[in-house]
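Participant: Fold the following, please.
(chains A and B)
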Number of protein chains: 2
Amino acid sequence: MTDTERTITIDLGKRSYDVRIGPGMIQRVAQAAQSLSARQAVVISETNVGPLYATKLLESLNAYGLDATAITFPAGEPNKTLPTAAKLLDVCLENTPPIDRDTLIIALGGGVAGDMAGFVAAVALRGLRWLQCPTSLLADVDASVGGKTGVDHPAGKNLIGAFHQPAGVLIDTETLHTLPLAELRNGLAECVKHAVIRDETLLDFLRQHSKTLLAVQSDDPAKLAFDGEVMVELIARNVAIKAAVVAADEREAGVRAHLNYGHTIGHAIETHIGYDNIRHGEAVSLGMVAVNHIAAARGMLDPAVADRVKETLAGLELPVAVGPNPLDTNEIWRIMQHDKKNRGGKVRMILPTALGSVDIHDDITSQEVQKAVAALVGEN
Amino acid sequence: MTDTERTITIDLGKRSYDVRIGPGMIQRVAQAAQSLSARQAVVISETNVGPLYATKLLESLNAYGLDATAITFPAGEPNKTLPTAAKLLDVCLENTPPIDRDTLIIALGGGVAGDMAGFVAAVALRGLRWLQCPTSLLADVDASVGGKTGVDHPAGKNLIGAFHQPAGVLIDTETLHTLPLAELRNGLAECVKHAVIRDETLLDFLRQHSKTLLAVQSDDPAKLAFDGEVMVELIARNVAIKAAVVAADEREAGVRAHLNYGHTIGHAIETHIGYDNIRHGEAVSLGMVAVNHIAAARGMLDPAVADRVKETLAGLELPVAVGPNPLDTNEIWRIMQHDKKNRGGKVRMILPTALGSVDIHDDITSQEVQKAVAALVGEN
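Facilitator: Numbering: from 1, shown residues only, chains lettered A, B, ... in the order given. Presented below is the predicted three-dimensional model:
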């Protein structure tokens, strides 16, 4: 098998852009920046990813004649805050030569770097163009499509932000070889989500390739050994699903809400346990199990389907239950009431009716959530 | 003469909205909020205007069945900063009941309140709908059209922000009777700008009505005594001019730059002298005189036209020269190089060719600016 390159166009009228997926894609960033007639670029990254790629990226931008600067901020979701964004804006706005509307922001890193750099691009000079170079599977299959940018607030995740579409996304699958395995699983949770809401065959693909996807290199178990072509195919399928949903509903007024499957409870679990203590994908995995429980309890979903999803998640080494310390169900309900996806003061949730099919429900009760969350307590 | 009401539609496709102008318009805000199916409203105002109208506005919102909260921030351009926005976001995001995407932000006040409240609306939950209730002539004729929101940064004005169109604008001309005369003149500078870039007859209207517009009440000289119908007509004409420009170029990629006439030098003077020490309209007045000087020196503009604009500004009691302390021309040029309207590292400026007609120029030299700024030194 040889590695292949794939391009998927995100169809948003004037705001359309291409997602390009393949090995070595990071070496194409400077060319992409030049083709956008950028004169200047500011690379925004975080302290984990920046040291790996920023220097090379700056060199290649310079080689293409662009004035380029790199800024890094402390890695990790707890740093995805407005004060961090303010510091990055200070550096951008005090840059020499001064940034202008031809300046391009380049987001380099996982979801946190993309959300942060995208938000800086959204509000600097009332909106600069930006390129997104995601370096985690989660960012590849989720944040790379849709133009959501933003930061967290003590009251909840992503409560401050903007919709600001990038001018292009370049996904370098080679960067995933140095991704921690737990971070890869983080992205696989979103792949399962896409399968449940839109594509049963993707669930089969994930089951079929779970071993390949989770493989580590025999001589260096800290490095991942996935098959490159399988990875490109996985990312391309997921980008295409998300692209279709987003193209149908750019500003999240309708079907885009389907992407929130597993996330209402997932976000609440994440806020409750603390962003430091659980990964997003792990919380979403638990959220999907819980919401399937609600759908099955309502008689909307065949319990066998719920089990099949649960088995797939377990096969991808994602959590499907919490340990001996049960979650505070009242607290989780309280957090859910603050979810920004809610409408008219009601908690909004996406319930599956079959593999590949979901509906929006605004009549979720605290009792249902409490039962579903309580059912998560057990052995993984 | 009787007061009349006028409505001008800002034609921006899906983002179109109406600007309604007339006496007592503030009493229609609650009805407008209800017609947008808002369940909850957050009124954002500042410490000058809030005490005058916020309580009545909250009462009328409550009477229409909306849950409503008012927040005020310290008045004045120096407070139009990201830290102030962060504090307002804290209050919004910690509101009880929690805000959601059906929450409406209502901006109440002059340009600072509109820019600030609009920016909070732009980034809270990645974008809430908002109504704008401007209470100064400057905000009425300028900020009420176009959806520009944002805050200042030490490096320059409005460097952080977003384009976020309001759902509607309600201009209550009665609020202008308590506006300080200097603030009214502030707005008149933008009216002159609109005349120069698009409408010679508006310049005649301003000359014809300058006495009426600047009149104060004989029993209370702190209150303005303008003719209500003239004021509605003036605002409507200016809103219509700006609406046509913005509709042709919502995101400032082309002709919207014409609105920057007088502002490149004006903003630099404002930054140089300090936002506390000069009003925006005064700086723009000086900026227009300076830029007309450049256009005349290039042989593009008949000096008699430049004189006519200068006389109109003087007739409206706007500054056309600076006093004995000359401006630091090098510093002004340095600030202009940071202007966010620049492209490709060049200073962009709008030069008039006749009354009602302007062009965009990217080849402005520091020598031209220095001569024009030096020519401002003299007697008003």
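Participant: where are the low-confidence patches of chain A?
Facilitator: Residue ranges of chain A with pLDDT under 70: A:1-3, A:324, A:326, A:379-380.
Participant: how about a cut-off of 80?
Facilitator: A:1-3, A:251-253, A:275-276, A:323-326, A:338-345, A:378-380 (pLDDT under 80).
Participant: and it, which residues reach chain B?
Facilitator: Applying C-beta under 8 Å from any C-beta of the partner chain, we find that chain A lies next to chain B at A:39, A:82-83, A:86, A:89-90, A:93-94, A:97-98, A:100-102, A:122-127, A:148-150, A:153, A:155-156, A:158-163, A:251, A:337-338, A:340-345. Bear in mind the C-beta positions are built from the backbone N, C-alpha and C, glycine included.
Participant: Counting neighbours, which of these end up buried?
Facilitator: A:39, A:82, A:86, A:89, A:93, A:98, A:100-102, A:122-127, A:148-150, A:153, A:155-156, A:158-163, A:338, A:340-342 (16 or more other C-beta atoms under 10 Å in any protein chain shown).
Participant: So which of those are in helices?
Facilitator: A:82, A:86, A:89, A:93, A:122-123 (DSSP state H).
Participant: Widest-spaced pair of the residues you listed?
Facilitator: Using C-beta to C-beta, these span at most 15.5 Å, a distance reached by A:82 and A:93.
Participant: what helix or strand is the residue lying closest to residue A:357 once chain neighbours are set aside on?
Facilitator: Once flanking residues are discounted, residue A:357 sits nearest to residue A:197: 7.7 Å by C-beta to C-beta, 6 or more residues apart in numbering or on different chains. Following DSSP states H and E, one finds residue A:197 within helix A:181-198.
Participant: list the buried ones in that helix?
Facilitator: Counting neighbours by 16+ other C-beta under 10 Å, the buried set in helix A:181-198 is A:181, A:183-198.
Participant: Summarise which helices and strands that helix is packed against.
Facilitator: helix A:137-138, helix A:200-214, helix A:228-248, helix A:280-297, helix A:303-315, strand A:349-354, strand A:357-361 (3 or more C-beta pairs under 8 Å, 6 or more residues apart in numbering or on different chains; DSSP states H and E).
Participant: Only alpha carbons, please: show that helix as CSV.
Facilitator: In CSV, the C-alpha atoms belonging to helix A:181-198 read as follows (Å, rounded to 0.1, in the frame of the first residue of the first chain):
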residue,chain,number,x,y,z
LEU,A,181,-1.8,6.9,21.9
ALA,A,182,-4.3,8.4,24.3
GLU,A,183,-4.6,11.5,22.1
LEU,A,184,-5.1,9.3,19.0
ARG,A,185,-8.0,7.5,20.9
ASN,A,186,-9.3,11.0,21.6
GLY,A,187,-9.8,11.5,17.9
LEU,A,188,-11.3,8.1,17.4
ALA,A,189,-14.2,9.0,19.7
GLU,A,190,-15.2,11.7,17.2
CYS,A,191,-14.9,9.2,14.4
VAL,A,192,-17.4,6.9,16.2
LYS,A,193,-19.6,9.9,16.6
HIS,A,194,-19.6,10.6,12.8
ALA,A,195,-20.4,6.9,12.2
VAL,A,196,-23.4,6.9,14.5
ILE,A,197,-24.9,10.2,13.2
ARG,A,198,-24.3,9.6,9.4
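Participant: can you put the helices and strands packed on helix A:181-198 in TSV and add distance to residue A:221 and mean neighbour count?
Facilitator: Listed next are the helices and strands packed on helix A:181-198 as TSV, based on distance: least, C-beta to C-beta, whole Å; neighbours: other C-beta atoms under 10 Å in any protein chain shown:
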stretch	distance to residue A:221	mean neighbour count
helix A:137-138	18	29
helix A:200-214	12	16
helix A:228-248	18	20
helix A:280-297	21	26
helix A:303-315	20	17
strand A:349-354	36	21
strand A:357-361	37	17
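Participant: Nearest to residue B:307 among the ones you listed would be which one?
Facilitator: Nearest of the helices and strands packed on helix A:181-198 (C-beta to C-beta): helix A:228-248, 55.7 Å.
Participant: contacts for the helix or strand following that closest one?
Facilitator: Per DSSP H and E, the first helix or strand lying C-terminal to helix A:228-248 is helix A:263-273. Helix A:263-273 is contacted by residues A:156-157, A:278, A:280, A:283-288, A:290-291, A:327-328, A:331-333, A:335-336, A:339, A:341, A:347-350, A:369, A:372-373 when judged by C-beta atoms under 8 Å, 6 or more residues apart in numbering or on different chains.
Participant: Equivalent analysis for stretch A:39-46, please.
Facilitator: Contacts of stretch A:39-46 (C-beta under 8 Å, 6+ apart): A:33, A:53-54, A:57-58, A:61, A:66-76, A:79, A:88, A:92, A:95, A:97, A:99-100, A:102-110, A:112-113, A:116-117, A:120, B:344-345.
Participant: Grab the nearest non-local neighbour of residue A:315.
Facilitator: Residue nearest to residue A:315 in three dimensions, not counting chain neighbours: residue A:210, with 4.7 Å by C-beta to C-beta, 6+ apart.
Participant: Pull the contacting residues for the one you found.
Facilitator: Applying C-beta under 8 Å, 6+ apart, the residues contacting residue A:210 are A:312, A:315-316.
Participant: and the helices and strands packed on helix A:181-198 as a markdown table, adding distance to residue B:241?
Facilitator: Output for those, formatted as a markdown table (distance: least, C-beta to C-beta, whole Å):
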| stretch | distance to residue B:241 |
| --- | --- |
| helix A:137-138 | 48 |
| helix A:200-214 | 54 |
| helix A:228-248 | 36 |
| helix A:280-297 | 49 |
| helix A:303-315 | 58 |
| strand A:349-354 | 47 |
| strand A:357-361 | 44 |
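Participant: Relative to residue B:141, which of those is closest?
Facilitator: helix A:228-248 (38.0 Å).
Participant: what's residue A:320 in contact with, if anything?
Facilitator: Neighbour list for residue A:320: A:285-286, A:289, A:310, A:313-314, A:376, A:380 [criterion: C-beta under 8 Å, 6+ apart].
Participant: Could you rerun that using 6 Å?
Facilitator: A:289, A:310, A:313-314 (C-beta atoms under 6 Å, 6 or more residues apart in numbering or on different chains).
Participant: Surely it is in a helix?
Facilitator: No. With DSSP: H, G, I helix; E, B strand; the rest coil as the criterion, residue A:320 is assigned coil and is not in a helix.
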